[in-house]
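Trainee: fold the following for me, if possible:
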Amino acid sequence: MNTRFSNKYQIAIGTSCMKNKVLVLGISAAIALGSCTGSADNKNENGPHGMPRPGTVVATMQETVLDDTLNHTKCTVKVIADSLIERGVYDVEAGYGPNSASGKFTMPKGGEDLIPILRKGNMPCSFIIGFKVAKDTTFYDYFEVICTRTATRMEYIKGYTF
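Mentor: Numbering: from 1, shown residues only. You can find the predicted model right below:
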């Protein structure tokens, strides 16, 4: 008797779930296509003088940890504009699987208006935060984030003054 009830329940739910899945899939596709704008078009996230608004994610990067194929662990780094963005202060959020760490860095003196750029480092789960100067294609290394299974390290690697 319970078997028949559960089968009927599954069939009844199955048809409505299929409609719900199609509806959710359609809505998700519309949201994804609607939010595909380039950073140049995203003027709502910038405050005065082209500076990002506090809380805006400026750069993000993710890498799969090759040593942990069982759990499919990923290491991630986000650079977020801090409430002191006019002084060039940014928050850094790093994660290695379920572990997380946070820190801050300040752009070089005289370069407070520079926007950080995130690049992959030389080691596994290492990331370099740097910047480019106007009319120059050189990437300037500035701050490094290294994530391991046991620790996350964030440190300045070079100093600049403008």
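Trainee: tell me how this structure divides into domains.
Mentor: Under the assignment automatic domain parsing, the domains of the chain span 1-36, 52-156.
Trainee: burial count for His72?
Mentor: In terms of burial, His72 registers 9 neighbours under the definition other Cβ atoms under 10 Å. To be clear about C-beta, it is placed using only N, CA and C from the backbone, and glycine gets the same treatment.
Trainee: number the chain from 360, please
Mentor: Okay, using 360 as the starting number, the last item reads as His431.
Trainee: quickly list what the nearest residue to it once chain neighbours are set aside is bridged to.
Mentor: Nearest in space to His431, with sequence neighbours left out and distances taken as Cβ to Cβ, 6 or more residues apart in numbering, is Thr423 at 7.2 Å. In this structure, Thr423 bridges to Lys433 when assessed by DSSP bridges.
Trainee: what sits against Thr423?
Mentor: Taking Cβ atoms under 8 Å, 6 or more residues apart in numbering, we find Thr423 in contact with His431, Thr432, Lys433.
Trainee: which outside residues touch stretch 463-480?
Mentor: Applying Cβ under 8 Å, 6+ apart, the contact partners of stretch 463-480 are 408-411, 417-420, 422, 436, 438, 441, 445-451, 485-492, 498, 501-505, 513, 515, 518-521.
Trainee: list only buried entries from the residues you listed.
Mentor: 410-411, 417-418, 420, 422, 436, 438, 441, 447-451, 485-490, 501-505, 513, 519 (16 or more other Cβ atoms under 10 Å).
Trainee: next, the distance between the ends of stretch 491-510.
Mentor: Across stretch 491-510, the straight-line distance between its terminal residues is 29 Å, by Cα to Cα, to the nearest Å.
Trainee: I'd like the average pLDDT over that stretch.
Mentor: This predicted structure assigns stretch 491-510 an average pLDDT of 93.
Trainee: what's that stretch in contact with?
Mentor: With Cβ under 8 Å, 6+ apart as the contact definition, stretch 491-510 has outside contacts at 426-427, 434, 436, 451, 453-456, 460, 464, 466-467, 470, 473, 475-476, 478, 480, 482, 484-490, 511-517, 519.
Trainee: which SS state does Glu445 fall under?
Mentor: The three-state label given to Glu445 by DSSP: H, G, I helix; E, B strand; the rest coil is helix.
Trainee: quick check: next helix or strand after the strand or helix carrying Phe486?
Mentor: Per DSSP states H and E: Phe486 is located in strand 485-490. Under the assignment DSSP H and E, the closest C-terminal helix or strand after strand 485-490 is strand 499-506.
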